[in-house]
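K.L.:
quick one, structure for this:
(2 chains)
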Amino acid sequence: MNRKLGLLQGTLDLLILRTLLGGATHGHAIAKHIQRTSEELLQVETGSLYPALHRLEAKGWIEATWELSDKGKRARYYKLTRQGRRQLLNERSKWDAFRRAMGLVLAADEPS
Amino acid sequence: MTSHFRKLRWLFVRRRRAAELEKELQFHLEEEAQEHGYDAARRQLGNIGLIQEDTRAMWGWVWVEQLFQDLRYAARTMLKNPAFTALAALSLALGIGANAAIYSFMDAVMMRWLPVRDPGSLALLQWHTKHGLDDSVVQTASGHFDDDSKLGRVGGIFPYPAFEELRKSTDVFSTLFAYHPARNLTVMVGGGAQVANGEYVSGDFFRGLGVVPEAGRLLGADDDHIGTGVLALSYGFAQRHFGDAARAAGQKIFLNNVPFTVTGVTPPGFYGVDLGSAPEFYLPLHADVALNPAREGKSSQTSYLDQHYYWIEIMGRLRPGITLQQAQIQIGPVFQNWVASTAENNAQRANLPQFLLSEGARGVDRLRRNFEEPLVILMAMVALILGIACANIANLLLARAAARRGEMAVRLSIGAGRWRVIRQLLTESVLLASIGACGDVLVAYWSVPVLRAMLTGGSNFVLRAELNGHVLAATAALTTVTGIFFGLAPALQSTRVDTVSALKQWRTAEPRRRLPVSLSQLLIVTQIAISLVLIAVAGLFVRTLSNLQSLDVGFTREKVLLFQLNAKQAGHQSGELLSFYRGLEQRFSTIPGVISVAEANSPLIGDGAWGWAVVPVGKPKPERAPSGHGTFGGWENTHTLQTDAHFLSTMKIPLIAGRAFDERDRAGSAPVAIVNESWVKANLGGRNAVGERVVSFGLDDKPIQMDVIGVARNALYNRIEKNFPATVYLPLDQNLGAPVEEMTFFLRTTSDPLKYAGAVRDIVRKTDARIPATHLGTQEQRIQTEIGDQILFARLSTGFALLALSIASVGLYGTMSYVVARRTGEIGIRMALGAARGRVLLMILRQVAILAAVGLAIGLPLTFGASRLLESLLYGLKAGDPTTIAIAVVTILIAVIAAGYVPARRASQIDPMIALRHE
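P.N.:
Residues are numbered from 1 along each chain as shown, chains lettered A, B, ... in the order given. A predicted model of the protein is given here:
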């Protein structure tokens, strides 16, 4: 279980932070959002989601409060903190650099 | 960094967060269920418990949560098995607690430093000689010698001129001070009189030790001169007699009728330099000239000039920067040169005492030597008990772990890591050990005063020992370590479970053993072996004690009241002492119930003996005859006792020839003596002694001729031992022996002697209120005190042996019960196939017997070894005494079979139908 989280850890964090940029929401909605926006390609397992959310909360990048959902039920809403915003930019630029690097290496191999 | 703080904060609200997490996941489940239906939602969620655990792992501090989990579980489990918990905790408490108490004593006796300034720079001066003291510059002495295997005879006493010589070495010592015990002085304060001990100290004593007075001032160099009239009091004495230390300064008290003014009081907790003595007062060294004007015939002023009279003890404070070795190198030659100059002939020159400097931080060594051996033996015994107790706990834990195999299998199979399970088991055993630790603090606290009473009961030593903090900390640590150590093996073994068969609860499923013998069997065998050793040792001590107590002492010890009076110290003149004591004797004989009264110048047992050379006329005086008062080795050395006419009849020492003293033997009439059988054997080779003429050399070496008028049956004098010392009895009235000061009275009574103590004290007080009756007790008590060590060992070792045997028996019972419980299925099958109940009983008992046999086989050589180590303490028995060991073996067998019988019987009563069906 822990090993699987390890591989996805950095990317899942980024996805969560980016999702929360759009506004505070609860865990289920975050998972749904990632699923829909990635055209059903990324399915976040609950077993990875909540540990990740709490980890980010521990690091101080997101904070949580109990609010009433749109259906009137109590839910735990997560929101980006200022530190989280900075971290999001950080991670985003690291991801871009990574993507570019991958692209360069993969492109170099293409037969003409 | 902030994430750590956040997690730390969350630690305190963990439970609330866990509840919230549950709600959070519940919400997630409901949202999902809205879309895809409940079942699909559940499947998608997966293992809720696992998600919660992983999420909680993000909060950090998981180990704390797990620790509390383990503790709660451990507490629940222990409460479900109160008997096991109580037994295990008790075993630990007794074993470690007793250890802690004894260790406190060892610390106090052997390691504690003097309560003075900078004890590390103090040095104790001694000398040693390998060749004994027969031809030596040490011609007369007052003090103790020790015998060391490497150094020979060691003495801590010096002549006064040596002290003055050594004092000149100011480059090595910043101060050098001397001291000497002041024993049995009659102290009069206010109206009351008592006998007390003090210390003579030189002028620099208090300055050298760096003692700050509690009140007034302490003695200084100016106070130490002949004719001095000042002293310092101990805190305890000042409080008892003046209420307040401050009020004591300036008061007047009388010692031996000589007036002294109190200059000040020492602080509480200060006890001089000898842990075993508690001086009530401190006198300047030269005060003894006034208090003991004559010592053994010579004016005591000459003691300060005599180069061959060794009596004062010396300690010094080294200058900063000087080590003990450097000091030894620099001072040694100073002493050697001085002592060489005092040698009178070549023999003495060849046998000079060698200077020895040792560290003085712990004060004088003597107490340590006296108590070291008993304490070490005690410690060994307690350590063995601890071993047995720990083995018991380990066995109990093992048995219980075996019984919980099913539970372990379930936990392992649903995914608990092996390590996690082991950790939980360890927590249980540590918790158990902690309960034991609290118990052992209590046991230690209570046993310290018990031990103190046992070790010093009856003797004059004041042993200062309390439970100290270091020991408590050490016991707590030891208990935890024990818990971990003995919980580990069972934990490891029980988690090596074959889960499938354990889950099926297969009747014979057991962890696969690498050795043919299980750990549990090994532990039991060890316990039996150790119990054998302890029981055999106890048997040896008990028989030694009974041998000593039934020893023929030569006189009738029952119903005799003893006490001592010192009229000289109260002010009576030497000339009138004898008639004064005679008058008292007559008054004592009028007490109703007193059959007869006798006097002598020394008690028979427990206070050393007088002695000097007494030889038949014509024979030469033996060169090495000891003379004086003390402890003489060897029964052939003549001991002397000056008695009145009633002595032999009062103590019921029969005369085998001649007559006792009577009115004919007065001052001025022909000198007479009565000898005993040992003396006759040593000096006359069995010839008839009555009518022989002998020469008594006395303390001053002046020969006096005497006639032997009688031969007495042998009686002990000084020590309780097998050999009767050669004794010569002299009549008090003729006053031809040691000058009489203190008199011992012997009252033979019709009933319990102590009932007459009050009457005796009344008579003494009415006659002269300045004289206290000291050492009042019965003759039997005096003898018991002499063999106090043996009594102690016998009692303690018996107690320990019984304790060990009980613990081992209970352990055996518990283990066999579990064995039977585990084999219930197998036994059921056997019975169903036709095995008789008797056979089942025997089958279990046979297992028990094999364990016992192996245990005894291991224990026997250990027992022989132990008894050889203790041989010096035995009396009337040899090491490896077969009777004692045989009795020990039989005792163990009986206990073991008794312990195994109940489970065996339970096995034979198994109903095969129930056994086969039941799990």
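
K.L.:
C-alpha only now, for contacts and for neighbours.
P.N.:
Fine.

K.L.:
find the nearest non-adjacent residue to the residue in chain A that chain B sits nearest to, please.
P.N.:
At 4.1 Å from chain B, residue A:51 is the closest residue in chain A, using CA to the nearest CA. Leaving out its chain neighbours, the residue that sits closest to residue A:51 by CA to CA, 6 or more residues apart in numbering or on different chains is residue B:55, at 4.1 Å.

K.L.:
secondary structure element for that neighbour, which one?
P.N.:
helix B:48-58 (DSSP states H and E).

K.L.:
quick one: mean pLDDT over that helix.
P.N.:
Here helix B:48-58 scores 86 as its mean pLDDT.

K.L.:
quick one on the thing from earlier: and what about the residue of chain A closest to chain B, helix, strand or coil?
P.N.:
helix (DSSP: H, G, I helix; E, B strand; the rest coil).

K.L.:
where along chain A do the strands fall?
P.N.:
A:25-26, A:62-68, A:74-80 (DSSP state E).

K.L.:
can you tell which of the ones you listed is closest to residue B:274?
P.N.:
Residue B:274 lies closest to strand A:62-68 among the strands of chain A, at 71.7 Å (CA to CA).

K.L.:
hmm, residue B:60 and the residue of chain A closest to chain B touching each other?
P.N.:
No. Look at residue A:51 against residue B:60 with CA atoms under 8 Å: they stay out of range, at 11.5 Å.

K.L.:
in chain B, which residue sits closest to chain A?
P.N.:
Counting by CA to the nearest CA, chain B gets nearest chain A through residue B:55, at 4.1 Å.

K.L.:
so that residue makes contact with residue A:56?
P.N.:
No. The pair residue B:55 / residue A:56 is not scored as a contact, 11.2 Å apart, by CA under 8 Å.

K.L.:
one step back: ok, residues contacting the helix holding residue B:55?
P.N.:
A:46-47, A:50-52, A:54-55, A:58, B:18, B:21-22, B:25, B:62 (CA atoms under 8 Å, 6 or more residues apart in numbering or on different chains).

K.L.:
of these, select the buried ones using a ChimeraX command.
P.N.:
One line in ChimeraX is enough to select the buried ones among the contacts of helix B:48-58; burial here means 16 or more other CA atoms under 10 Å in any protein chain shown:
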select /A:46,47,50,51,52,54,55,58 /B:21,22,25
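
K.L.:
of all the contacts of helix B:48-58, which two lie farthest apart?
P.N.:
Maximum distance among the contacts of helix B:48-58 (CA to CA): 20.8 Å, for A:46 and B:62.

K.L.:
in the helix or strand hosting residue B:897, what's buried?
P.N.:
In the assignment (DSSP H and E), residue B:897 maps to helix B:882-908. Across helix B:882-908, burial judged by 16+ other CA under 10 Å covers B:884-885, B:888-889, B:892-893, B:895-905, B:907-908.

K.L.:
repeat that for stretch B:557-565.
P.N.:
B:557-565.

K.L.:
with stretch B:300-307 instead?
P.N.:
Per 16+ other CA under 10 Å, stretch B:300-307 contains these buried residues: B:300-301, B:303-304, B:307.

K.L.:
what's in contact with that stretch?
P.N.:
So stretch B:300-307 is contacted by B:159-162, B:288-289, B:292-294, B:309, B:342 (CA under 8 Å, 6+ apart).

K.L.:
mind checking which of these are buried?
P.N.:
B:159-162, B:288-289, B:309.

K.L.:
quick one: which of the contacts of stretch B:300-307 sit in helices?
P.N.:
Among those, the members falling in helices (DSSP state H) are B:160-162, B:288-289.

K.L.:
ok, so of the residues you listed, who is nearest residue B:132?
P.N.:
residue B:162 (20.2 Å).

K.L.:
which residues does the closest one contact?
P.N.:
B:307, B:335, B:338-339.

K.L.:
how close does it get to residue B:126?
P.N.:
In this structure, residue B:162 and residue B:126 are 12 Å apart, going by CA to CA, to the nearest Å.

K.L.:
same deal with residue A:31?
P.N.:
89 Å.

K.L.:
again with residue B:822
P.N.:
68 Å.

K.L.:
same thing with residue B:403?
P.N.:
65 Å.

K.L.:
who has more neighbours, those two?
P.N.:
The neighbour count for residue B:403 versus residue B:126, taken as other CA atoms under 10 Å in any protein chain shown, is higher for residue B:126 (19 against 16).

K.L.:
name the nearest residue to that one, sequence neighbours excluded.
P.N.:
residue B:156 (4.3 Å).

K.L.:
surely that neighbour touches residue B:129?
P.N.:
No. In this structure residue B:156 lies outside contact range of residue B:129 using CA under 8 Å: 11.8 Å.

K.L.:
so between those two, which is more surrounded?
P.N.:
residue B:156 (23 against 19).

K.L.:
residue contacts, that one?
P.N.:
So residue B:156 contacts B:125-127, B:144-145, B:313-314 (CA under 8 Å, 6+ apart).

K.L.:
repeat for residue B:661
P.N.:
B:644-646, B:731.

K.L.:
other SSEs contacting the helix or strand where residue B:707 lies?
P.N.:
Element membership for residue B:707, per DSSP H and E: strand B:704-712. Counting contacts by 3 or more CA pairs under 8 Å, 6 or more residues apart in numbering or on different chains; DSSP states H and E, strand B:704-712 packs against strand B:655-658, strand B:672-676, strand B:693-696.

K.L.:
mind listing what's buried along the first one?
P.N.:
It stands for strand B:655-658. B:655, B:657.

K.L.:
quick one, phi/psi of residue B:561?
P.N.:
phi -100, psi 130 (degrees, to the nearest 10).

K.L.:
how far does stretch B:251-261 stretch from one end to the other?
P.N.:
OK, stretch B:251-261 end separation, CA to CA: 6 Å.

K.L.:
just checking, residue B:360 touches residue B:315?
P.N.:
Yes. Using CA under 8 Å as the test, residue B:360 is close enough to residue B:315 to be in contact (7.3 Å).

K.L.:
overlap in contacts, those two.
P.N.:
B:122-124.

K.L.:
among the residues you listed, who's most crowded?
P.N.:
Going by other CA under 10 Å, residue B:122 tops the shared contacts of residue B:360 and residue B:315 with 27 neighbours.

K.L.:
export the buried residues of stretch B:557-565 to JSON lines and append columns for pLDDT, secondary structure and distance to chain A.
P.N.:
Listed next are these as JSON lines, based on pLDDT from 0 to 100; DSSP: H, G, I helix; E, B strand; the rest coil; distance: CA to the nearest CA, whole Å:
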{"residue": "B:557", "pLDDT": "90", "secondary structure": "coil", "distance to chain A": "86"}
{"residue": "B:558", "pLDDT": "90", "secondary structure": "coil", "distance to chain A": "86"}
{"residue": "B:559", "pLDDT": "92", "secondary structure": "coil", "distance to chain A": "87"}
{"residue": "B:560", "pLDDT": "94", "secondary structure": "strand", "distance to chain A": "87"}
{"residue": "B:561", "pLDDT": "94", "secondary structure": "strand", "distance to chain A": "86"}
{"residue": "B:562", "pLDDT": "94", "secondary structure": "strand", "distance to chain A": "85"}
{"residue": "B:563", "pLDDT": "93", "secondary structure": "strand", "distance to chain A": "84"}
{"residue": "B:564", "pLDDT": "92", "secondary structure": "strand", "distance to chain A": "85"}
{"residue": "B:565", "pLDDT": "92", "secondary structure": "strand", "distance to chain A": "87"}
